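Asker: Predicted coordinates and the sequence they were generated for:
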Amino acid sequence: MDQAWTMVVLSLIVLVAYLFDFFGRFTRVPAVVSLIFTGLVLRAVADAVGWQLALPAGLLPVLGTFGLILIVLEGTLDLRLTRERVPMILRAAGCATLGVVLTGALFAGVLVLWLGASWQLAVVHALPFAVISSAVVIPAAVALSERLREFVIYESSISDIVGVVLFYALLREYSGPLDFVFSLGGELLLSVFVGLVMGLSIFWLIQRIEHHVRVLPMIFGITLLYSLGKILHLAPLVMVVLVGLLLNNSHLIARFSRGRLAERAQFEQDLESFKHLTVEFTFVVRSFFFVLLGFGVSAGELLSAPAWVMAVLLMGCSLLPRWALLRGVARERAQPLLWFAPRGLITVLLFMSIPESQRLEAFPVASLMLVILMGALLLTYGSLQSRSLLAADEASAQPSSVTKE
């Protein structure tokens, strides 16, 4: 493809993604659905006119990892930690952790029975599909009430962390169960320590750097932290979450530091600039990732019968335990939260990370895209349902307020 046409396509992707995001606020259709279909259409057009676009082999995983960092950071930069929120955070953590474990176990059982896989390989293939995608659900959470939106952000972020930590832990060899537990515990503790140090360092830098270019180096510093944490086999998403929480909860830093790291007057303004640039970066990276994801799949692959059967089984393995956990652990009504558990960016990244030596050849890869599309469509239904429930709650609250007056 000519260089000028490449620039035209790249520019159009960003502009079209913006339109999808804008109109999605009214239609409640997640932008990820429109972006994936855009990629599928571009692939069909490219095949029809004979355009050859060879993407670098590692482009999608790198772009997805960068997007994951930004999305988790964006979500945590909106969360405030208070004593009143602790019970909700604990319920979200319990729901996320048990959701990953139960969904992974159920789907692993399907792979063992259907494909005859060993339990170790079955769990490795099942875990990517057990993780709720914060990349998809956090932007769509604007349809929920503030309380449920916070629950979804915490749940999806913790689900990402638990899924990533367990997945990479299972890829390594251990001498026994105790070695696995101690190794995993040590990684998490060290990750928490490094995340706290990095968060405090960025907090200090925001207050003292006067250079006009300062936010962008901090974002890439967090990216560097994630990359080094992954190389050292730590839990890098834990670090990113802690950085975001510390920056948006500076009152806790001031309280524990006894004023030594107190905020300066312009800190809130600088923090808003940091948030704004993070949102802008996240939008661009997420847009290109999902368009390229759709572009990498031909329409014919989505017509595979085994892929559809696998995708439907997976959706059942994820929705059944989620309904039970929402009622029993989260103590929330199942609707509309039941549908706010899509698969997406993190699922693709983990599935691509399965070593060739541990791949199940009989596994229908097209089911990966089908699961993402099914989850996104169910998320659309949940967003529309949320609008109806919010309207009904407001209508039922009006008579009581009038009576009190």
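Answerer: On my side now, so go ahead.
Asker: Just the buried residues of stretch 100-109, please?
Answerer: 100-108 (16 or more other C-beta atoms under 10 Å). C-beta coordinates here come from the backbone N, C-alpha and C atoms, glycine included.
Asker: now, among those, which is nearest to residue 180?
Answerer: residue 101 (14.5 Å; C-beta to C-beta).
Asker: mind checking which helix or strand that closest one is in?
Answerer: helix 86-115 (DSSP states H and E).
Asker: now that helix, how far from the centre of its chain.
Answerer: Centroid separation between helix 86-115 and its chain, computed with C-alpha atoms, centre = their mean, to the nearest Å, is 16 Å.
Asker: Could you do stretch 326-335 as well?
Answerer: Taking mean C-alpha positions (C-alpha atoms, centre = their mean), stretch 326-335 and its chain are 21 Å apart.
Asker: Also stretch 297-304?
Answerer: 25 Å.
Asker: what number of residues lie near residue 282?
Answerer: Other residues near residue 282 come to 23 when the count uses other C-beta atoms under 10 Å.
Asker: swap that for residue 203, please
Answerer: 21.
Asker: How about residue 87?
Answerer: 10.
Asker: do the one 10 residues further on as well
Answerer: A count of nearby residues for residue 97, using other C-beta under 10 Å, gives 19.
Asker: C-alpha coordinates for the helix or strand just after the helix holding residue 101, PDB please?
Answerer: On the C-terminal side of helix 86-115, the closest following helix or strand by DSSP H and E is helix 119-130. Output of helix 119-130 as PDB, limited to C-alpha atoms (Å, rounded to 0.1, in the frame of the first residue of the first chain):
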ATOM      1  CA  TRP A 119      -5.400 -30.700  33.100                       C
ATOM      2  CA  GLN A 120      -2.200 -28.500  33.000                       C
ATOM      3  CA  LEU A 121      -2.700 -27.600  29.300                       C
ATOM      4  CA  ALA A 122      -6.500 -27.300  29.800                       C
ATOM      5  CA  VAL A 123      -6.000 -24.700  32.600                       C
ATOM      6  CA  VAL A 124      -3.400 -22.800  30.600                       C
ATOM      7  CA  HIS A 125      -5.900 -22.400  27.700                       C
ATOM      8  CA  ALA A 126      -8.900 -21.800  30.000                       C
ATOM      9  CA  LEU A 127      -7.400 -18.900  32.100                       C
ATOM     10  CA  PRO A 128      -7.300 -16.300  29.300                       C
ATOM     11  CA  PHE A 129     -11.000 -16.800  28.800                       C
ATOM     12  CA  ALA A 130     -11.700 -16.600  32.500                       C
END
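Asker: Can you tell me what sits against helix 119-130?
Answerer: With contacts defined as C-beta atoms under 8 Å, 6 or more residues apart in numbering, helix 119-130 is touched by 99-101, 103-105, 107-109, 111-112, 115, 117, 163, 166-167, 170-171, 314, 318, 343, 346-351, 354, 358, 360, 363, 371.
Asker: mind listing what's buried in that helix?
Answerer: Neighbour-count burial for helix 119-130, counted by 16+ other C-beta under 10 Å, picks out 121-130.
Asker: tell me the average confidence for that helix?
Answerer: Mean pLDDT, helix 119-130: 90.
Asker: got the angle between that helix and helix 86-115?
Answerer: 130 degrees (axes from the mean of the first three to the mean of the last three C-alpha atoms, to 10 degrees).
Asker: what's the burial count for the closest residue to residue 117 other than its chain neighbours?
Answerer: Leaving aside its chain neighbours, residue 117 sits nearest to residue 111 (4.8 Å; criterion: C-beta to C-beta, 6 or more residues apart in numbering). The tally of other residues near residue 111 (other C-beta under 10 Å) stands at 24.
Asker: What distance do you get for residue 111 to residue 138?
Answerer: According to C-beta to C-beta, to the nearest Å, residue 111 stands 29 Å off from residue 138.
Asker: give the contact list for the residue nearest to residue 117.
Answerer: 117, 121-122, 125-126, 360, 363.
Asker: can you list these in CSV and add distance to residue 156?
Answerer: Below are those laid out as CSV (distance: C-beta to C-beta, whole Å):
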residue, distance to residue 156
117, 28
121, 27
122, 24
125, 21
126, 18
360, 27
363, 25
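Asker: between those, which is closest to residue 40?
Answerer: Of the contacts of residue 111, the one sitting nearest to residue 40 (C-beta to C-beta) turns out to be residue 363, at 21.5 Å.
Asker: three-state assignment of that closest one?
Answerer: coil (DSSP: H, G, I helix; E, B strand; the rest coil).
Asker: about what we covered before: could the buried residues of helix 119-130 go into CSV alongside distance to residue 331?
Answerer: Formatted as CSV, the buried residues of helix 119-130 follow (distance: C-beta to C-beta, whole Å):
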residue, distance to residue 331
121, 36
122, 32
123, 29
124, 33
125, 32
126, 27
127, 26
128, 28
129, 26
130, 22
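Asker: Show me which of those is closest to residue 290.
Answerer: Nearest to residue 290 among those, with distances taken as C-beta to C-beta, is residue 128, at 16.4 Å.
Asker: number of nearby residues for residue 180?
Answerer: 15.
Asker: Nearest spatial neighbour of the spatially most central residue of the chain, chain-adjacent residues omitted?
Answerer: Nearest residue to the geometric centre of the chain (C-alpha atoms, centre = their mean): residue 134, 2.3 Å. Using C-beta to C-beta, 6+ apart and skipping residues adjacent in sequence, the residue nearest residue 134 is residue 156, 3.8 Å away.
Asker: list the contacts for the one you found?
Answerer: 75, 96, 132-134, 137-138.
Asker: Compute the distance between residue 23 and residue 316, please.
Answerer: For residue 23, the distance to residue 316 - C-beta to C-beta - is 32 Å.
Asker: go on, residue 278?
Answerer: 36 Å.
Asker: So between those two, which is more surrounded?
Answerer: Using other C-beta under 10 Å as the criterion, residue 278 and residue 316 rank with residue 278 on top: 22 against 13.
Asker: nearest residue to that one other than its sequence neighbours?
Answerer: residue 74 (5.1 Å).
Asker: pretty sure the one you found contacts residue 276?
Answerer: No - in this structure, residue 74 is not within contact of residue 276 by C-beta atoms under 8 Å, at 10.3 Å.
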